[in-house]
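Asker: missing the sequence, but the structure's below:
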């Protein structure tokens, strides 16, 4: 039963959410991005609940994920004067490594949703929610390797920056074309290479600075309270 629930939660995150965002974009248009954002929020919450171990100790996991989400939102605010240089992805990765894919996904998704009440909601919001969530999902699946080796963690941070930029270029192409044009997509990717490099570099820097001190605290909390994560 536990493995079945885990499988369903991963399908929701990896397949259902991206599909919902794309389908709703074409069916409802970019003006109704709010429905797509709500869909991502609800599906990511459903996946988190499905994978959640229901015991008294793990009730604290909800609080910890909320704290990590707040930290990522605060980090985006604090570094807002520096374009594209943000700690959000690093915090999402750290959350996923120590608390699992579902926790990483919901942290990334809700960081985008909540912080955009300040930075501005728009058709890009569900895409940001999805890509930060997917980075959390993949980080959780790779956690065994990311915990052990700082070099691999830093490398993954750089790769995550590339993933974020390339997925957001999907949104840019859809916005410009009212549909997806592969040639325009690769053109957008080529123009965004400097931004992609900043994303990648910022992830590496923040992971090298934050992963070890935050990770030690999270590991200690998990051990102290017997928090079980998948």
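Answerer: Yes, it's here. Quantities reported herein were computed from a predicted structural model and do not represent experimental measurements. Numbering: from 1, shown residues only.
Asker: list the contacts of the residue nearest to the spatial centre of the chain.
Answerer: Centroid-nearest residue in the chain: residue 132, 2.3 Å away (criterion: C-alpha atoms, centre = their mean). Residue 132 is in contact with 88, 89, 92, 107, 108, 109, 111, 112, 164, counting by C-beta atoms under 8 Å, 6 or more residues apart in numbering. In this view, the C-beta of every residue, glycine as well, is placed from N, C-alpha and C.
Asker: also residue 136?
Answerer: Residue 136 neighbours (C-beta under 8 Å, 6+ apart): 92, 93, 95, 96, 101, 103, 104, 105, 106, 107, 108.
Asker: now, the contacts of residue 132 that are in helices?
Answerer: 88, 89, 92, 107, 108, 109, 111, 112, 164 (DSSP state H).
Asker: distance to residue 183, pLDDT and neighbour count added to those, as a markdown table?
Answerer: Output for the ones in helices among the contacts of residue 132, formatted as a markdown table (distance: C-beta to C-beta, whole Å; pLDDT from 0 to 100; neighbours: other C-beta atoms under 10 Å):
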| residue | distance to residue 183 | pLDDT | neighbour count |
| --- | --- | --- | --- |
| 88 | 31 | 98 | 25 |
| 89 | 28 | 98 | 28 |
| 92 | 31 | 98 | 32 |
| 107 | 35 | 98 | 33 |
| 108 | 30 | 98 | 33 |
| 109 | 30 | 98 | 31 |
| 111 | 33 | 98 | 30 |
| 112 | 28 | 98 | 29 |
| 164 | 22 | 97 | 25 |
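Asker: most widely separated two among those?
Answerer: Between any two of those, the greatest separation by C-beta to C-beta is 14.5 Å, found for 107 and 164.
Asker: if we can go back for a sec, would you convert the ones in helices among the contacts of residue 132 into JSON lines that also reports distance to residue 176?
Answerer: Below are those laid out as JSON lines (distance: C-beta to C-beta, whole Å):
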{"residue": "88", "distance to residue 176": "25"}
{"residue": "89", "distance to residue 176": "25"}
{"residue": "92", "distance to residue 176": "27"}
{"residue": "107", "distance to residue 176": "30"}
{"residue": "108", "distance to residue 176": "25"}
{"residue": "109", "distance to residue 176": "25"}
{"residue": "111", "distance to residue 176": "26"}
{"residue": "112", "distance to residue 176": "21"}
{"residue": "164", "distance to residue 176": "19"}
